[in-house]
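> quick one, what's the 3D model for this:
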Amino acid sequence: MRLPLLLVLLACGGWLRADVSLSPLFQDHAVLQRDKPVPVWGWAESGEAVTISFAGQEVKTVADAAGRWRAVLAPLAASAEPAELVAVGRNRVVVRDVVVGEVWLCSGQSNMAWSVAASDRPQEEKAAARFPLIRHYKVPLRVADAAEERMKGEWQVTSPETVGNFTAVGYFFAREVHRKLGVPIGLVNSSYGGTPVEAWMSPGALASDPAFAVVAQRWSEALAKHPERAAAHREAMARWTTERDAAKAAGKPFDRRAPRPPQGPGHPDTPSGLYHAMIHPVLPYALRGALWYQGESNAGRASEYRALFSAMITQWREAFGQVDFPFYWVQLANFKTDQPDSGAWPRLREAQTQTLALPATGQAVTIDIGDPDDIHPRNKQEVGRRLALIALTQTYGQTADHSGPVFVRADPEKGRLRVVFAHAVTGLIALDKPLSSFEVAGADGVYRPAMADIDGDTVLVRAEAVPSPVSVRYAWSNSPDANLFNGAGLPAVPFRSDAR
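Model (predicted):
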């Protein structure tokens, strides 16, 4: 006789129960944020009591109807001593080698995803990577149509064997900060190459401004055209595969990239698709702040970017429950692009600069260390160092010059303009040759190349073709020859005085 289903379930109760589990952010080698409340969360059977223990604290909670539980540890002091984080319900979970220090979220597109192994001097950097208190968590690449709770991933301790796959910008930032502060540094790397800002925004953020409706409209058009474009992509892939195989058979090099799939279902350009799958599962991990390197994929729509970017920052801060956490980004480097100087890249840089109007923000200017022929410059060491200067000054209260010269105003002066800068107390420097990349315009608004001379902490600009200049701009092209620096060796921020 077959046992009734109820008896079978009772007999298998040990198999069917939902054991206590933790978000994968809480596993061996994790770094917890110091000096802030630390949410710890996971899953269990609905109604199950769960106790979290760490560093002398014990916090009790209960799993909700969906089986999700959350406890909050009181603020912790920095500690490099390995400790155990323990979760106890019907079962017991022990997370080992947990330290407390500074945690930074690293996000954006390929220049943030770019690895240490692909940066300058990779072998030297890997050999020197003996920082066991710098740890890295890579959020898996994924796109989702709805907010997800769970993800995979693991914390890795920095070593010559592991560091090659770390975000290079994040690692070089962490190395500078760790050397200065002496505390553990955790990097949560949630980055995806070739992606636009709207993919990283929540649906609420995209609904926060009527002007953002254009994002949904563009995506609807892309979905409508997807079947036709997908068919063309399959044909292009078939041709590419044939050419690749023929080159291989002939022993010839073949370095042409495979055709990129068109926008459509599951594509990383999906509005909110990366927020759902690569940011939402991280919530509400306690962070010190966020580092961001993105903008290349929005360069053709710079007029939208400032509002989208600002809305994303604001929403992330709210979602993490830390409305004032620092948010620092990298301004786009010099790069020629495949298009003539239409103004797309300088306008995107301008939109990034304008976003500094938000509190607790900072921008690392890289107009001098890009590669005009490669959208992925290899010198990520200096990028990380410049971000670290901002954090050490603005977040950690150390005294340092963290910015190059910043435009303040342009005063008319006898057929010239005197350009006044902030962050010039260490002096202004024309690196290697006379100043270049300055232009002036008269009432007609037509810019012409200008002569520029340093005069104390100002620059005098003039052009014979513009006897009465009314506006000035600097480094206003895709890949300008920009050589104005301050005494701290930091480049001037590209600008135009007639920004509109």
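> what number of residues are in the vicinity of the nearest residue to residue 488 once chain neighbours are set aside?
Leaving aside its chain neighbours, residue 488 sits nearest to residue 401 (3.8 Å; criterion: CB to CB, 6 or more residues apart in numbering). C-beta: built from backbone N, CA, C; applies to glycine. By the criterion of other CB atoms under 10 Å, residue 401 has 16 neighbours.
> SS state for residue 401?
coil (DSSP: H, G, I helix; E, B strand; the rest coil).
> surely it and residue 490 touch.
Yes - counting by CB atoms under 8 Å, residue 490 is a contact partner of residue 401 at 6.7 Å.
> anything in contact with each of these two?
Jointly contacting residue 401 and residue 490 under the rule CB atoms under 8 Å, 6 or more residues apart in numbering are 389, 423.
> how about the backbone phi and psi for the residue nearest to residue 488?
Recorded main-chain torsions at residue 401 are phi -90, psi 110, according to degrees, to the nearest 10.
> with residue 234 instead?
According to degrees, to the nearest 10, residue 234 has phi -60, psi -40.
> how much space separates it from residue 142?
24 Å (CB to CB, to the nearest Å).
> and what of residue 182?
For residue 182, the distance to residue 142 - CB to CB - is 35 Å.
> look at those two and report which has more neighbours.
Comparing residue 182 with residue 142 by other CB under 10 Å, the one with more neighbours is residue 142, at 17 against 11.
> over to the more buried one: give its phi and psi.
Residue 142 has phi and psi values of phi -160, psi 150 when expressed as degrees, to the nearest 10.
> just give the number of residues close to the residue lying closest to it once chain neighbours are set aside.
Sequence neighbours aside, residue 277 is the residue nearest to residue 142 in space, at 4.0 Å (criterion: CB to CB, 6+ apart). Residues near residue 277, counting by other CB under 10 Å, number 25.
> hang on, residue 277 in a strand?
No - if the criterion is three-state DSSP, then residue 277 is helix and not within a strand.
> let me know the pLDDT of residue 88.
The per-residue pLDDT reported for residue 88 equals 98.
> might you report the residue contacts of the closest residue to it other than its chain neighbours?
The shortest distance from residue 88 to any non-neighbouring residue, by CB to CB, 6+ apart, is to residue 51 (4.7 Å). Counting by CB under 8 Å, 6+ apart, residue 51 touches 58-61, 87-89.
> neighbour count for those - can I get that in TSV?
Listed next are these as TSV, based on neighbours: other CB atoms under 10 Å:
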residue	neighbour count
58	12
59	16
60	12
61	20
87	25
88	16
89	23
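> closest one of these to residue 67?
The shortest approach to residue 67 among the contacts of residue 51 belongs to residue 89, at 11.0 Å (CB to CB).
> which residues touch that closest one?
19-20, 44-45, 48-51, 63.
> do that again at 10 Å, thanks
17-21, 42-45, 48-51, 61-63, 69 (CB atoms under 10 Å, 6 or more residues apart in numbering).
> from the contacts of residue 51, pick the one nearest residue 210.
Using CB to CB, the contacts of residue 51 come closest to residue 210 at residue 61, 40.3 Å.
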